[in-house]
Structures are given as C-alpha cells and as structure tokens.
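**Student:** just coords:
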C-alpha cells in the first residue's frame, strides 16, 4: 500500500485515525492499534514479506535485551552480540537485495551460468527498516539508549507505517519517550494534515508528471540511434526533469511521513533542507536525505575514525568507504556504485582545495553544484553502463544526434507549468511565505491570508486527488531501495 492511492486515502487512513482516537483513553492500546495497522499496511501488497519484517523485529528486540544486560558487566560479550546482530541483519539484506547481482556478476565473469540465479523479489523498504533496526541495537551498546523490554514498543518503532517504507530513518532515542508519553493536539493534527496534503500534491501533480517526461527521454535512449535519435536538448531536458522528479518524489514522501506522524502525536526530524540551493556538493549532501547521511556518519564514518585523524590517507579511506557503501545501499547495479564513487571524488576534491571556504561568486558555485548534481542523477537513473554512456553521449552530441527537434519544443510547452512550479518549490520561497504568514499579528489581514492559504491548500489537494483517480500513478522512487 502506498500513500498516493485510493485504498490508503479513503479506507486505511480514516479507519486508523478513527480507531486511534477512539482508544485515546489508553496509550498502550493506541500503540498496539498502530502496530497492527502498520503490519497490515506492509502486508497489503506482499503478505509473505511481512514475515521478514517480523523476523527483523524479533531479532533486534531479543539481541537488544541481551546487549543491554551485558553492556555494563561484560562489554566483550555485548560487542560479540552486536556483531551477531549486524551480521544477521546484513545477511538478510544481502540475500534479498544483492545475492542475484553477485551471482550474475560471477556468471558474467566466467562467461557461463556457473550458478543458477534465484528469483528473489526485493521486499519493499527493507534497506530502511534494516538500518533503523541496526541503529537501535548499536545505540544500546553505546549506552545512548536503554533496551526496551516491551516488544510491542520495539515493533512499533521499526514498523510504524508513516516512515516504514522510505524513511526518514529514525533513531530510537529520538522517539522512545514519544512512544510512551506523546501528546496529541488539534493544532498538531491540523499541521500534520496540511503537511501531508502538501506532500501528496507534490507527488501527484509534480513528481508524477515530471516522471512521464523523464521516463520518455530515458526510454527513447534505450531504443537505439537507428530507431530514434535523441537530440542533445532533449537529453538535457530529461536530465533536468529527473533531477526535479527525484526531489519532488522523495521530499513529498518525507512530507507525508512527517505529516502522518504528527497526526498521531509523533515528531520526526526533517529529511530535506532545500538541497538544490547548495553552493557545493558537500553542502548538497548535508541537505539531501539527512537521515541517511546522519546514519552513515554515526555508524560508519565516525567509528572508522572520521576526519579527526592526523593521517589524511585514513580520512580519504573513511570517506571512500562511506560513499562506496552509500552507492551499494541504493541498489544492486554497477551504476549505483559508480554514482557513489562519483560523489566521493567531488566531495574529496572540494575538501582538499577548501572549496566551501574559498571566495567566489555564489552564482558560479551554485551553477557548478547543480551541474555536478544533475550528472550524478543521470548516473543514478541509468540501469546499465550502456544506457549511461548513450545518455551522456546524447547530452554532448557525441552520437550524431543533433541539437534540437520539434518534439523538444512540444515537451517544453506541455510541461512548462510543471517545470516552473517544481523549480519554485525546490527553493525556500514557499517556506518563507508561510513563516511570514505565521508571524503576522492577529487581525483581519492575518485571518484573510490564512483562510486563503487554507483554501489554496485544499484546492490543490482536491486537484491532486482528482488527478490520482484519473490515473497516471507512479510508485515512489525510493520504494526500490
């Protein structure tokens, strides 16, 4: 089940909200209700894979208890159990996400089918809930949180449906008290509803429409030059559309997840901070998918020694490992690994020359950042090295593909409004307007403007629902990870 579906909006969410507030007299019952609802949510599309989620909950709950007991009097034993936990979680992740890739790579290397390739479907959101579960046990070992004795609380933490499938990745210590003693209010529920509506509208009206254009260009690239020659301007347009699409798509999911959490009294941390206003690649990755970047920093980079080391080779090695793993985390394709190393090269280059501290025109730094980011997303989007080479070749006219044709003009004309609003909402303009609106003194002007904002939000949300009902559904990009 996904947020941008009739099943979720018309049936699942209203029933869950109704049941939750009927049980308002008992926090434990509300938590049980949310856990059951979350398991149903996950099981809706692939019921068998809810067993993987339950196994993850059981493993990490049990080992968390053991680590908590051993931490104070037998640190070596506690460390051993953490290693067991990490191994178990990563083994499950490897089997479902990477086993087929490794076997295909081996078979390609020996040039015959040495090992049969298993037909394994990737459980949706497995990378997210695996990393979240790992952070729980590791934080217990570090003494940053206490082991939870109630398995239902651990289950709710790992399986809570708003952020189960595509994040944000939440650390247990940030919501441990919220699970037990969170407070709901009309204001918080209203804010959550508004945040959800905005995210839903971004997904349906912007991300989905951008996906149509971006997918068309990338698919035309795969047809081959003999069937259709993609002009350079079309390739650039497709790259720009995908760059905007992946932000609108993923930030929309995060908006909806945060909004849903607020409806039930939970406060999740922000996952995006307008990354396309960045003046460097390093800044971009501090603003993009913040929860994943924080996870790799806390559980990989810093334990390896981080950058606080006199040996610069060690710092380079640590950064290399993080970005290699970041690429691998996103999927079992060589292009993801190349994408991770591509980001490593630019981040290390910026660090070596002190790029962020160097004087320079902001406009020039911004253009540099956007170009590097865009080419990074082309690498990310391509499924094969062939598709990547063809697409880059088309962008620079290396395939005798020409510069422009009438189809490009038609595409720009048809998607001009979507492109314009996507660019606007990639900047903090809307946020600044909201903050100014909230800061107005109570009065007629304030009331009128807030009513107008509410009416506009409702109208756009209604338009998004109509668009969803008519068709054109696209799954969230990060469901694949």
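**Tutor:** Perfect, thanks for sending it. These figures come from a predicted structure and were not determined experimentally. Residues are numbered from 1 along each chain as shown.

**Student:** Which residue is the nearest non-sequential neighbour of residue 467?
**Tutor:** Using C-beta to C-beta, 6 or more residues apart in numbering and skipping the chain neighbours, the partner closest in space to residue 467 is residue 204 (5.2 Å). No exception for glycine: its C-beta is placed from N, CA and C like everyone else's.

**Student:** To clarify, my last question referred to residue 147.
**Tutor:** residue 68 (2.9 Å).

**Student:** follow-up on the earlier one: got the contact list for the residue nearest to residue 467?
**Tutor:** By C-beta atoms under 8 Å, 6 or more residues apart in numbering, the residues touching residue 204 are 4, 464-465, 467-468.

**Student:** picking up where we left off before, give me the packing partners of the one helix or strand the residue nearest to residue 147 maps to, helices and strands only.
**Tutor:** Using DSSP states H and E, residue 68 maps to helix 50-70. If contacts are counted by 3 or more C-beta pairs under 8 Å, 6 or more residues apart in numbering; DSSP states H and E, helix 50-70 sits against helix 27-43, helix 75-97, helix 126-142, helix 151-159.

**Student:** re earlier: and the residue nearest to residue 147, how far is that from residue 339?
**Tutor:** Remark: distance between residue 68 and residue 339 (C-beta to C-beta, to the nearest Å) = 38 Å.

**Student:** Give me the more crowded residue out of the two.
**Tutor:** The neighbour count for residue 68 versus residue 339, taken as other C-beta atoms under 10 Å, is higher for residue 339 (25 against 20).

**Student:** The more buried one and residue 376 touch, don't they?
**Tutor:** Yes. At 6.1 Å, residue 339 counts as touching residue 376 under the criterion of C-beta atoms under 8 Å.

**Student:** Let me see the mean pLDDT of stretch 449-458.
**Tutor:** Mean pLDDT, stretch 449-458: 88.

**Student:** In contact with residue 29: list those residues for me.
**Tutor:** Residues near residue 29 by C-beta under 8 Å, 6+ apart: residue 23.

**Student:** Also the one 10 residues further on?
**Tutor:** Neighbouring residues of residue 39 by C-beta under 8 Å, 6+ apart: 50, 53-54, 159.

**Student:** most neighbours, which of these?
**Tutor:** Ranking the contacts of residue 39 using other C-beta under 10 Å puts residue 159 first, with 26 neighbours.

**Student:** so that residue touches residue 55, yeah?
**Tutor:** No. Counting by C-beta under 8 Å, residue 55 is not a contact partner of residue 159; they are 11.8 Å apart.

**Student:** residues making contact with whichever helix or strand residue 177 is part of?
**Tutor:** Using DSSP H and E, residue 177 maps to helix 172-181. Contact partners of helix 172-181, identified using C-beta under 8 Å, 6+ apart, comprise 27, 31, 135-136, 139, 144-146, 148, 153, 156-157, 265-269.

**Student:** Kindly report the same for stretch 95-104.
**Tutor:** Outside stretch 95-104, the residues that touch it by C-beta under 8 Å, 6+ apart are 52, 115-118, 120-123, 126-127, 328, 331-333.

**Student:** Of those residues, just say which sits nearest to residue 343.
**Tutor:** Distance to residue 343 across the contacts of stretch 95-104 (C-beta to C-beta) is lowest for residue 328, with 12.9 Å.

**Student:** sec struct for residue 214, please.
**Tutor:** Per DSSP: H, G, I helix; E, B strand; the rest coil, the local secondary structure of residue 214 is helix.

**Student:** in this structure, which helix or strand is least confident?
**Tutor:** helix 429-438 (a mean of 85; mean pLDDT, DSSP states H and E).

**Student:** List the buried residues of the helix or strand just after that helix.
**Tutor:** Once helix 429-438 ends, the next helix or strand along the chain (criterion: DSSP H and E) is helix 444-470. Neighbour-count burial for helix 444-470 flags 460-461, 464-465, 467-468 (criterion: 16 or more other C-beta atoms under 10 Å).

**Student:** got the angle for helix 444-470 vs helix 429-438?
**Tutor:** 140 degrees (axes from the mean of the first three to the mean of the last three C-alpha atoms, to 10 degrees).

**Student:** that older thread, would you turn the contacts of residue 204 into JSON lines with distance to residue 227 and pLDDT?
**Tutor:** Output for these, formatted as JSON lines (distance: C-beta to C-beta, whole Å; pLDDT from 0 to 100):
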{"residue": "4", "distance to residue 227": "33", "pLDDT": "84"}
{"residue": "464", "distance to residue 227": "35", "pLDDT": "92"}
{"residue": "465", "distance to residue 227": "38", "pLDDT": "91"}
{"residue": "467", "distance to residue 227": "32", "pLDDT": "89"}
{"residue": "468", "distance to residue 227": "33", "pLDDT": "88"}
